[in-house]
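# pasted the sequence and its predicted model underneath.
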2 protein chains.
Amino acid sequence: MVNTMAKQRTSIDRFYSIIPAGGIGSRLWPLSRADAPKFLHDLAGSGSTLLRGTWDRLEPLAGAERIMVVTGRAHRAAVEAQLPDLTDLNVVLESEPRESSAAIGLAAAILERREPGVIIGSFAADHVISDQRGFRRAVVEAAAAADAGYIVAIGITPTEPAIGFGYIRTGDDLEIPGAPNALIADAFVEKPDLATATGYLSDGNYLWNGGMFISRADVLLKQLGVAEPGLLAGLLELAEAWDTPARGAAVDRIWPALKKIAIDYTVAEPAALAGKLVVIPGDFDWDDVGDFAAIAKLHTGGHKSDLAILGENARVLADASTGVVISQTGRLISLIGVTDIVVVDTPDALLVTTSANAQRVKAVVDALKLSGRTDVL
Amino acid sequence: MVNTMAKQRTSIDRFYSIIPAGGIGSRLWPLSRADAPKFLHDLAGSGSTLLRGTWDRLEPLAGAERIMVVTGRAHRAAVEAQLPDLTDLNVVLESEPRESSAAIGLAAAILERREPGVIIGSFAADHVISDQRGFRRAVVEAAAAADAGYIVAIGITPTEPAIGFGYIRTGDDLEIPGAPNALIADAFVEKPDLATATGYLSDGNYLWNGGMFISRADVLLKQLGVAEPGLLAGLLELAEAWDTPARGAAVDRIWPALKKIAIDYTVAEPAALAGKLVVIPGDFDWDDVGDFAAIAKLHTGGHKSDLAILGENARVLADASTGVVISQTGRLISLIGVTDIVVVDTPDALLVTTSANAQRVKAVVDALKLSGRTDVL
């Protein structure tokens, strides 16, 4: 008993959080932009940006000095303004975006060099969780399972047949000290249609893929190297130069050539196929706030008859209207008889759509890119 | 035959157009404002403001010097910018709005003093007519009937069971030289419900009340005096002082005390009850562009599947959306999957509603007044 507790404490003491803060959040245009990505907005209405909320959730796990943020050079100032405790040691600046395998892999490689045997967890900068204790309980279990050599995902117990999330199919119980709820993860499944999602919910063996992966850094890198040996070699070379005067030259030479690929494909799915992926079921609330429908739901508690209003200086006059208004301008916004509406009012662009069409916002962004109207992206 | 033609020419030669340019157009907020009323907007998409369009329609009847504009002092500069041919002789500036009986009555009284026996026609500054010849044919007939001593309304042949307009019930044919289509007007009826309007259309004896009244100035003033002797006395006193140095003092003393009442109640309806109202059916198109649904219809030709876009610098990116967008800001406006939508984008206020709710816009304006948010009115 004493041994188990000691081991558990040891796992989390060697724990490091990685926050990849990269995605723009195209489905949240015109709120999210290249220069004001999703993680820099207070979409939860908590008074904090999503990035700050993520930091505050992770900081109690192992301290501020054990959080590493991976972000673009362009966002450095904004990120530092949000996270005053961030030091140069704890930030990885990308010269250009190269997807999650490169971002998380580089952080893992740097940390493993500095502190061999470190356990890392990666947590998106733009998700919302309100049950902090439930989240941390799951991470502590995950760290224990990671210490046993597994790649560990935290899966979210579904509360509805969501079609906007991926799912993890769970298998047998595992007996891992300090991780009593650990299950083998059988497979990852992509975003399903409604009928399939409804089936998953009644089946009971499916969890939402919250995109949270915990593992020993060396285990993650080894798994990544199986799928992408060239990418691993580049990351190791970068990590070797990182804390030396050679960093700048190495970044300029290596980073732009790294393969752009999501970590789901290089680590999580291969590990699941190899029987090396474990899932810890999380009973806490979780949302990736992926589109305006998610924002509307988050702020109305799912009450279809409500109108959610976001924006510090929002002035809204609504009559018989439901949905969500996001105001960045302070202009008077008047709604009359529009239901399930989404209005996003920014200084140079206005979006009017409905929750039902929220996923189509990305297509508008693509159309703007194609037509060269990048001034509003 | 020669006599009839001579008489007809005489009627229109003594003809004077009056354009009351006063109403703000609350149902078109936030486009129409106290300082930018409806008549100063190009709602027809013709490249001209509604006021200028009205002027251009009337000018061929009897010349620019025989058009009198009644407007508020606050709009003087904007009106003069629209109508460079307007002289001081031909404008009546209201120190404050006092409704159509006072506005049209004062113009009539001034003109009657200057030129006894003048025939006047009053035409709203903010209506849309594209068939100029059809309009003028009706006015020429109306002037002939007016010369015979009648108050004459131009009624519009309905093309649909509109519920946004008043109707005139027509009676027997009259034999008036130069006005072969003249009918007795039996009654005015207020805006009906859809079932009633459908009945009017199949009945065939109902015309839309286009708010165009033609009469001898002395006949109009006499009729007005029956209903409102105090108002008439004030108007005659003002007219007596008008072309003298006493005008300013007379306006300050008399104008603010005049009764505010629509000319429908003081002249048109009493004349109809007394059998002295004649109607000339107009076969031309006509619209009072009373709300955003009317604007949408005007610009889409009534095609429900179209999206109308108004605004010189409008930038609209629409996907599966119908209705109308009015842009005054040049911001990018993106619509996704919203149908029958009305979006009005102005620098300090945004309206999002639907055509079906267009009549409710006035209630928002009333709510803004009540709550003291007059900065956006």
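All right, it came through fine.
# pLDDT wise, what is the nearest residue to residue A:164 once chain neighbours are set aside at?
Of all residues not flanking residue A:164 in the chain, residue A:290 sits nearest, at 5.5 Å (C-beta to C-beta, 6 or more residues apart in numbering or on different chains). From N, CA and C alone the C-beta is placed, and that goes for glycine too. With respect to pLDDT, residue A:290 has a value of 91.
# neighbours of residue A:290, how many?
Look at residue A:290: counted by other C-beta atoms under 10 Å in any protein chain shown, it has 20 neighbours.
# can you tell me how far it is from chain B?
16 Å (C-beta to the nearest C-beta, to the nearest Å).
# and that residue, which of the three is it?
coil (DSSP: H, G, I helix; E, B strand; the rest coil).
# show me what contacts it?
A:25, A:27, A:164 (C-beta atoms under 8 Å, 6 or more residues apart in numbering or on different chains).
# now swap in residue A:35 and tell me
Residue A:35 touches residue A:74, counting by C-beta under 8 Å, 6+ apart.
# now stretch A:320-336: buried residues?
Buried residues in stretch A:320-336, counted by 16 or more other C-beta atoms under 10 Å in any protein chain shown: A:321-329, A:331-336.
# same check, this time on stretch A:156-164
A:156, A:158, A:161, A:162, A:164.
# may I see those organised as TSV, with secondary structure and pLDDT added?
Below are the buried residues of stretch A:156-164 laid out as TSV (DSSP: H, G, I helix; E, B strand; the rest coil; pLDDT from 0 to 100):
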residue	secondary structure	pLDDT
A:156	strand	97
A:158	coil	95
A:161	coil	94
A:162	coil	90
A:164	coil	86
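# among those, which two are most distant?
The span of these, defined through C-beta to C-beta, is set by A:156 and A:161 at 13.4 Å.
# nearest spatial neighbour of the residue sitting nearest the centre point of chain A, chain-adjacent residues omitted?
Against the mean C-alpha coordinate of chain A, by C-alpha atoms, centre = their mean, the closest residue is residue A:124 at 2.1 Å. What sits nearest to residue A:124 in space, not counting adjacent residues and going by C-beta to C-beta, 6+ apart, is residue A:211, at 5.4 Å.
# now the element after the helix or strand the one you found falls within, going C-ward?
Per DSSP states H and E, residue A:211 falls inside strand A:206-216. Past strand A:206-216, further along toward the C-terminus, the next helix or strand under DSSP H and E is helix A:217-227.
# helices or strands up against that next one?
helix A:99-114, strand A:119-122, strand A:151-156, helix A:229-242, helix A:269-273 (3 or more C-beta pairs under 8 Å, 6 or more residues apart in numbering or on different chains; DSSP states H and E).
# at 7 Å instead, please
helix A:99-114, strand A:151-156, helix A:229-242, helix A:269-273 (3 or more C-beta pairs under 7 Å, 6 or more residues apart in numbering or on different chains; DSSP states H and E).
# which one of those is the most hemmed in?
Neighbour counts (mean count of other C-beta atoms under 10 Å in any protein chain shown) averaged over each of the helices and strands packed on helix A:217-227 peak at strand A:151-156, with a mean of 27.
# ok, then the element right after it?
strand A:167-173.
# for chain A, what lies in contact range of chain B?
Residues of chain A lying close to chain B (C-beta under 7 Å from any C-beta of the partner chain) are A:317, A:319, A:331-338, A:341, A:343, A:345, A:348-354, A:356-357, A:360-361, A:363-364, A:367, A:376.
# so residue A:71 bridges to which residues?
residue A:21, residue A:93 (DSSP bridges).
# tell me the pLDDT at it?
Model confidence at residue A:71 (pLDDT) stands at 97.
# and for it, the neighbour number?
Residue A:71 has 26 nearby residues by other C-beta under 10 Å.
# contacts only, for it.
A:21, A:22, A:79, A:93, A:94 (C-beta atoms under 7 Å, 6 or more residues apart in numbering or on different chains).
# mind checking how far it is from chain B?
27 Å.
# same question, residue A:109
Taken as C-beta to the nearest C-beta, the span from residue A:109 to chain B is 41 Å.
# domain parsing for chain A?
Listed domain ranges for chain A are A:2-282, A:292-376 (source: automatic domain parsing).
# the ones you listed: which one's closest to residue B:313?
domain A:292-376 (12.6 Å).
# can you show me the strands along the stretch 251-377 of chain A?
Remark: strands assigned in the stretch 251-377 of chain A by DSSP state E, counting those that start in this stretch are A:277-282, A:307-310, A:315-319, A:323-327, A:332-336, A:341-345, A:349-354.
# out of these, flag the one nearest residue B:219.
strand A:332-336 (43.5 Å).
# what helices or strands is that closest one leaning on?
strand A:315-319, strand A:341-345, strand B:349-354, helix B:361-370.
# need those in a markdown table (columns: mean pLDDT).
Shown next, in a markdown table, are the helices and strands packed on strand A:332-336 (pLDDT from 0 to 100):
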| stretch | mean pLDDT |
| --- | --- |
| strand A:315-319 | 95 |
| strand A:341-345 | 98 |
| strand B:349-354 | 98 |
| helix B:361-370 | 92 |
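# and those: which comes nearest residue A:171?
strand A:341-345 (39.3 Å).
# and residue A:143, how far from residue A:10?
9 Å (C-beta to C-beta, to the nearest Å).
# so the two - more neighbours on which side?
residue A:143 (28 against 16).
# can you pull the contacts of the more buried one?
A:11, A:12, A:15, A:119, A:214.
# model confidence for the last one, exactly?
Spelled out, that is residue A:214. So residue A:214 comes in at 98 (pLDDT).
# try residue A:305
pLDDT, residue A:305: 82.
# repeat that for the one 4 residues further on.
Looking at residue A:309, its pLDDT reads 95.
# I figured it hits residue A:322, correct?
No. With contact defined as C-beta atoms under 7 Å, residue A:309 does not reach residue A:322; the gap is 11.6 Å.
# quickly list what's touching both of these two.
With the criterion set as C-beta under 7 Å, 6+ apart, the contacts of residue A:309 and residue A:322 do not overlap.
# about what we covered before: looking at the helices and strands packed on helix A:217-227, spot the one closest to residue B:198.
Per C-beta to C-beta, nearest to residue B:198 of these: strand A:151-156, 56.5 Å.
# now do the closest one: distance to the chain's middle.
Taking C-alpha atoms, centre = their mean, to the nearest Å, the mean C-alpha location of strand A:151-156 is offset from the chain mean by 13 Å.
# over to stretch A:108-118?
For stretch A:108-118, the distance to the chain centre is 22 Å (C-alpha atoms, centre = their mean).
# what's that stretch in contact with?
Stretch A:108-118 is contacted from outside by A:14, A:16, A:68, A:120, A:216-218, A:220-221, A:235-236, A:238-240, A:242, using C-beta under 7 Å, 6+ apart.
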